[in-house]
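Asker: all I have is the shape, not the residue letters:
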């Protein structure tokens, strides 16, 4: 899901990250050479386990491309913040009234309701990694790392979540598989998100018959899962068109995804809407809540175009507040709703990452 899953498009640093992780030596590797040369050349020096052969971040940060990316990021954030201020200043009284009505207990309960959504997202991701690598990834090891990476993605640069996951899982999964899994999960979940958002917005504005649009969308997702030839062809095609974006996928055809893959993607939306109903309880009608949740998902999809902004901060909120007629609420109410949604899903991510790290990763270390 685009809104809160952390499905974010990577940038051109993926190529260097993938290459760096690929060249990282396996822990426990020992050279057969008894005595290495006393002063080997720089190009011949071995890289110790735990380090990588890429340029240090300090020097990378001085490249013109990095500077331009930083300028573009701050330009988008400041422009979105300025638009929000321009829109909300005339409605300060309504904004104060809406803030007073916030129930932080409902926000906390909504965060708990959203926790299963992120857990399901992690399970789907590991199932996709299993298909790419050809072997089953330990859930106790992989799930906490993936959920931690969703927190890291809030750092400037956005790609660091994928970097973190690739480095932490280098002993069990190839870096290219981690990158491809993130990209393909983003594409699949956003395809379903387009169908859900469109059908819900059209159904509750015009006719409930538009909900039938969900049927062909879900069928299309399941068809992709059950026909891995199409998935493999699409991955290779994207790699040929943009090798910096998509690393080379495995040459072998992917095994089909079990039907539970489509069920997981659909179940994520159940907990998504449930979270909105909880933190908007006594604040809006059920019709307004559904429209707000659907439009927040639509704003998140549009905000993906601003891929240089970490987690779409301010940009998503500006898009959401900028079209109050869609949800049928005033801009002040939408602004508070957007802030509550951001807080709800962020705290849910923190909770699920912390719980999985304490209980799953801790047990994994005990067994190892």
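Answerer: Received, thanks. Quick caveat, the model's predicted, so the values are computed rather than measured. Numbers count the residues shown, from 1 in each chain.

Asker: just how off-centre is the helix or strand harbouring residue 316 within its chain?
Answerer: For residue 316, the enclosing helix or strand under DSSP states H and E is helix 315-321. When C-alpha coordinates are averaged (CA atoms, centre = their mean, to the nearest Å), helix 315-321 and its chain have centres 18 Å apart.

Asker: can you give me the mean pLDDT across that helix?
Answerer: For helix 315-321, the mean pLDDT works out to 93.

Asker: model confidence score at residue 184, please.
Answerer: Listed pLDDT for residue 184 reads 93.

Asker: same question, residue 48
Answerer: Model confidence at residue 48 (pLDDT) stands at 41.

Asker: if we can go back for a sec, helices and strands around the helix holding residue 316, which ones?
Answerer: helix 64-88, helix 286-303, helix 331-356 (3 or more CB pairs under 8 Å, 6 or more residues apart in numbering; DSSP states H and E). Placement of C-beta: from N, CA and C, glycine included.

Asker: can you mark which positions in the longest one are buried?
Answerer: The neighbour-count criterion (16 or more other CB atoms under 10 Å) identifies 331-338, 340-353, 356 as the buried residues of helix 331-356.

Asker: can you check stretch 285-296 too?
Answerer: Those would be 288, 289, 290, 291, 292, 293, 294, 295, 296, for stretch 285-296 by 16+ other CB under 10 Å.

Asker: OK, contacts around the closest residue in space to the third one that isn't next to it in sequence?
Answerer: This means residue 290. In this structure, residue 290 finds its nearest non-sequential neighbour in residue 204, 5.7 Å apart by CB to CB, 6 or more residues apart in numbering. Listed by CB atoms under 8 Å, 6 or more residues apart in numbering, the contact set of residue 204 reads 287, 290, 291, 294.

Asker: tell me who's in contact with the closest residue in space to the third one that isn't next to it in sequence.
Answerer: When you say that, I think you mean residue 291. Distance criterion CB to CB, 6+ apart; nearest residue to residue 291, sequence neighbours excluded, is residue 327 at 4.5 Å. Going by CB under 8 Å, 6+ apart, residue 327 touches 288, 291, 292, 295, 334.

Asker: identify whichever of the helices and strands packed on helix 315-321 lies nearest to residue 184.
Answerer: Closest to residue 184 of the helices and strands packed on helix 315-321, according to CB to CB: helix 286-303, at 17.1 Å.

Asker: contacts for that closest one next, please.
Answerer: In contact with helix 286-303 (CB under 8 Å, 6+ apart) are residues 1-4, 190, 193-194, 196-197, 200-201, 204-205, 272-273, 276-277, 280, 284, 309, 312, 315-317, 319-320, 323, 326-329, 334, 337-338, 341.

Asker: which helix or strand contains residue 128?
Answerer: Counting by DSSP H and E, residue 128 is found in helix 104-133.

Asker: nearest to residue 180, of the contacts of residue 204?
Answerer: residue 294 (29.8 Å).

Asker: name the helix or strand of this structure that has the lowest mean pLDDT.
Answerer: Least confident helix or strand of the chain, by mean pLDDT, DSSP states H and E, is helix 57-60 with a mean of 43.

Asker: quick one: buried residues of the helix or strand hosting residue 187?
Answerer: Assigned by DSSP H and E, residue 187 falls within helix 175-203. Across helix 175-203, burial judged by 16+ other CB under 10 Å covers 175-190, 192-193, 195-203.

Asker: same thing with stretch 238-248?
Answerer: Judged by neighbour count using 16+ other CB under 10 Å, the buried positions of stretch 238-248 are 238, 239, 245, 246, 247.

Asker: out of those residues, who's nearest residue 142?
Answerer: residue 247 (18.8 Å).

Asker: so that closest one, which of the three states?
Answerer: Each residue gets one of three states, and residue 247 gets coil by DSSP: H, G, I helix; E, B strand; the rest coil.

Asker: my read: it touches residue 239, true?
Answerer: Yes: using CB atoms under 8 Å, residue 247 is in contact with residue 239, at 6.8 Å.

Asker: good, wrapping up.
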